[in-house]
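Engineer: predicted model and sequence below, questions to follow.
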Amino acid sequence: MLGFLSSKGEGFPHPGITPMLGAFSKATGIVRIESVLSVILKEWEGELAELNAKAARIAYEKTVVMSP
């Protein structure tokens with residue numbers, strides 16, 4: 001479901017990228033989720049921006065990081 005939030009056929013060619021950015025943020029700690037959301041909201045407008053930000057946030061919250 002999350003992948004479809006990020007692809008409305010306009011402005012973003014690959015479904016599922018923004019949720020992967022949210023999960024990457026959680027799993028690595030390299031980039032803060034606030035930074036990811038900020039870029040998403042700057043790159044897109046309106047509903048597309050909000051849905052992409054929501055998809056990234058949900059993926060971030062649902063990602064479970066396991067230690068080796």
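Structural biologist: Thanks, I have the structure now. Numbers count the residues shown, from 1 in each chain.

Engineer: which residues of this protein score low on pLDDT?
Structural biologist: Within the chain, the ranges that satisfy pLDDT under 70 run 1-15.

Engineer: try it again at 90.
Structural biologist: 1-16, 43-45, 47-49, 67-68 (pLDDT under 90).

Engineer: could you point out the longest helix in this structure?
Structural biologist: Criterion DSSP state H: the longest helix present in the chain is helix 46-62.

Engineer: just give me how far that one sits from the chain centre.
Structural biologist: 5 Å (C-alpha atoms, centre = their mean, to the nearest Å).

Engineer: so what does that helix touch, helix or strand wise?
Structural biologist: helix 2-5, helix 17-28, helix 33-43 (3 or more C-beta pairs under 8 Å, 6 or more residues apart in numbering; DSSP states H and E). (Each C-beta comes from the backbone N, C-alpha and C, glycine too.)

Engineer: among the ones you listed, which is the most enclosed?
Structural biologist: helix 17-28 (a mean of 20; mean count of other C-beta atoms under 10 Å).

Engineer: with just CA atoms, put it into PDB.
Structural biologist: C-alpha atoms of helix 17-28 as PDB (Å, rounded to 0.1, in the frame of the first residue of the first chain):
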ATOM      1  CA  ILE A  17      10.900   5.400  -3.200                       C
ATOM      2  CA  THR A  18       9.700   7.700  -0.400                       C
ATOM      3  CA  PRO A  19       8.800   4.800   1.900                       C
ATOM      4  CA  MET A  20      12.200   3.400   1.300                       C
ATOM      5  CA  LEU A  21      13.800   6.700   2.200                       C
ATOM      6  CA  GLY A  22      11.800   6.600   5.500                       C
ATOM      7  CA  ALA A  23      13.000   3.100   6.200                       C
ATOM      8  CA  PHE A  24      16.600   4.000   5.300                       C
ATOM      9  CA  SER A  25      16.500   6.900   7.700                       C
ATOM     10  CA  LYS A  26      15.400   4.600  10.500                       C
ATOM     11  CA  ALA A  27      17.700   1.700   9.700                       C
ATOM     12  CA  THR A  28      20.900   3.700   9.200                       C
END
